[in-house]
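the following comprises the amino acid sequence and a computationally predicted model.
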Amino acid sequence: MTPVNIINQSHHALPKYQTAGSAGMDLCAFISETITLQPLERTLVPTGLFIELPQGFEAQIRPRSGMSIKKGITVINAPGTIDSDYRGEIKIPIVNLSNEAQTIEDGERVAQMVIAKHETVSWTEVSLLGETERGAGGFGHTGAN
Ligand SMILES: O=c1ccn([C@H]2C[C@H](O)[C@@H](COP(=O)(O)OP(=O)(O)OP(=O)(O)O)O2)c(=O)[nH]1
Ligand SMILES: [Mg+2]
C-alpha cells in the first residue's frame, strides 16, 4: 500500500476498493443538480477530489462496465490520465453513447480510478533499431484470425 495525499471537498466518502482484489476505486459524481445527457452529448463530471501522487505514479480514469452496458455512458478519453504533478480537481469526461437521454445523480459512481506506476524515459536518437522476427509487420500481419 502506497500512502497518497488526498483532499476531499465532496460530501461523499473517499474512493475505496470494493473488494480485496479490486484494481480500481469507483469515483462518485459531486454535483448539485442532476446531469442529463442527450445521445452523443458529453460533459465533465466533478468529483471534489484532489490528489498528490508520488513521482512515477499516474491515475487512470476508466469506464465502469455496468455504467457502459446499462446506460451507454463511457469515459470519452478513456483511459484518462491524472499526472503526478496535477493538483486540480479530478474530473471525469463522459459521453452518452446510447440512443436515449441518460441521467447522472449526485453520488453516482460514474467511473473508476486505477493507480499505476509508469516509467519515465530519455531518448537515445539512432539511425537503426535492433532486428526482430516481427520487424515492421503489424495490424493483422500474423494472420486473419
Ligand atoms: O480524465 C481526466 C484526464 C485528465 N484530467 C486532469 C489531470 C491531468 O493531469 C490533466 C491533464 O490531462 P491530459 O494531459 O490528458 O489533458 P491535456 O488536454 O493534454 O491537457 P494539458 O495540456 O493540461 O496536459 O487533466 C482529469 O481530471 N481527468
Ligand atoms: Mg497533457
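Thanks, I have the structure now. Numbering: from 1, shown residues only. Ligands and ions are numbered 1, 2, ... in the order given.

hang on, isn't residue 141 packed against residue 133?
No. The pair residue 141 / residue 133 is not scored as a contact, 11.0 Å apart, by Cβ atoms under 8 Å. Placement of C-beta: from N, CA and C, glycine included.

those two - which one has more neighbours?
Under the criterion of other Cβ atoms under 10 Å, the comparison of residue 141 against residue 133 puts residue 141 first, with 9 against 5.

ok, for that one, nearest residue in space, not its chain neighbours?
Excluding its sequence neighbours, the residue lying closest to residue 141 (Cβ to Cβ, 6 or more residues apart in numbering) is residue 134, at 7.3 Å.

residue of the chain nearest ligand 1, please.
Taking Cβ to the nearest ligand atom as the measure, the chain has residue 80 as its residue closest to ligand 1, at 2.4 Å.

Provide a list of residues in contact with the nearest residue to residue 36 once chain neighbours are set aside.
Using Cβ to Cβ, 6+ apart and skipping the chain neighbours, the partner closest in space to residue 36 is residue 103 (5.2 Å). If a contact means Cβ atoms under 8 Å, 6 or more residues apart in numbering, then residue 103 has 34-37 as its contacts.

cool, residue 22 as well?
The contact partners of residue 22, by Cβ under 8 Å, 6+ apart, come to none.

is it fair to say it lies in a strand?
No. Read with DSSP: H, G, I helix; E, B strand; the rest coil, residue 22 is coil and lies in no strand.

from here on, count from 15
Got it, the first residue is 15 from now on, which makes the last one we talked about residue 36.

let's see the pLDDT reported for the residue nearest the centre of the chain.
In the chain, the residue lying closest to the centroid (Cα atoms, centre = their mean) is residue 75, at 1.0 Å. pLDDT recorded at residue 75 is 98.

how about the strand or helix carrying it and ligand 1, any contact?
With the criterion set as DSSP states H and E, the secondary-structure element containing residue 75 is strand 71-77. Yes. Contact of strand 71-77 with ligand 1 is found when judged by Cβ under 6 Å from any ligand atom, involving residue 75.

adjacent strands (with direction) for that strand?
Under the criterion DSSP bridges, strand 71-77 sits next to strand 94-96 (antiparallel), strand 123-131 (antiparallel) in its sheet.
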